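*Asks:* Pasting a predicted model and its sequence here:
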Amino acid sequence: MAVILAVERHDIDASLGAYWLLRLAAAAVRLDLPDSDLPVVLTPDGSAAWALEHVPLPRAEAVAAAQSRRGQYLAADESFFAHVGSLYDSASQEPDAQESALMGVERILSALPWIIDHLTNPEVRREVQAWLAIEGQL
């Protein structure tokens, strides 16, 4: 409940909350805890459903954002990269909203494989598989 509360209070990003719920659900699976003993959100289906509700971009938008970011990287000149020995200014290095959302998508996708083999809800499983199918495009 602490993770959900932190997301609701905007103390942490929803993608980070989803990552931790998926991680806790994976731990419960490894410990062989019965779903009936867990809050729904800590079951594989519950954590995956919660994570899917909080993915910051739709699939098509995530792919387009990744392609755009890749294009910027490939077309970049030296000014795109930090100079060796320059001071790091975290305020000027913050990702823009689209880049931040894409990082959230990638964070959630990194955790979905931990629980996919334990999903019993066919709709949730299909949606997780659809997201994992585009992972190579991000």
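*Replies:* Sure, I can see it. Because the structure is a prediction, the values reported are computed rather than measured. Numbering: from 1, shown residues only.
*Asks:* Please name every helix or strand in contact with the worst-scoring helix or strand of the chain on mean pLDDT.
*Replies:* When the helices and strands of the chain are scored by mean pLDDT, DSSP states H and E, helix 59-74 comes last with a mean of 89. Contacts defined by 3 or more Cβ pairs under 8 Å, 6 or more residues apart in numbering; DSSP states H and E place helix 59-74 against helix 97-111. Where C-beta positions appear, they are placed from N, C-alpha and C, glycine not excepted.
*Asks:* now the angle between helix 59-74 and whatever helix or strand comes next after the helix it packs on, please.
*Replies:* Sequence-wise, the next helix or strand downstream of helix 97-111 (DSSP states H and E) is helix 122-133. Going by axes from the mean of the first three to the mean of the last three Cα atoms, to 10 degrees, helix 122-133 is angled at 10 degrees with respect to helix 59-74.
*Asks:* Please name every helix or strand in contact with helix 122-133.
*Replies:* helix 44-53, helix 97-111.
*Asks:* Which residue would you name as the spatial centre of this structure?
*Replies:* With distances taken as Cα atoms, centre = their mean, the residue of the chain nearest its centroid is residue 108 (1.9 Å).
*Asks:* That residue touches residue 20, doesn't it?
*Replies:* No: between residue 108 and residue 20 there is no contact under Cβ atoms under 8 Å: 10.7 Å.
*Asks:* which residue sits closest to residue 116 in space, ignoring its chain neighbours?
*Replies:* The shortest distance from residue 116 to any non-neighbouring residue, by Cβ to Cβ, 6 or more residues apart in numbering, is to residue 128 (5.6 Å).
*Asks:* pLDDT below threshold where in the chain?
*Replies:* 80-82, 86, 88-95 (pLDDT under 70).
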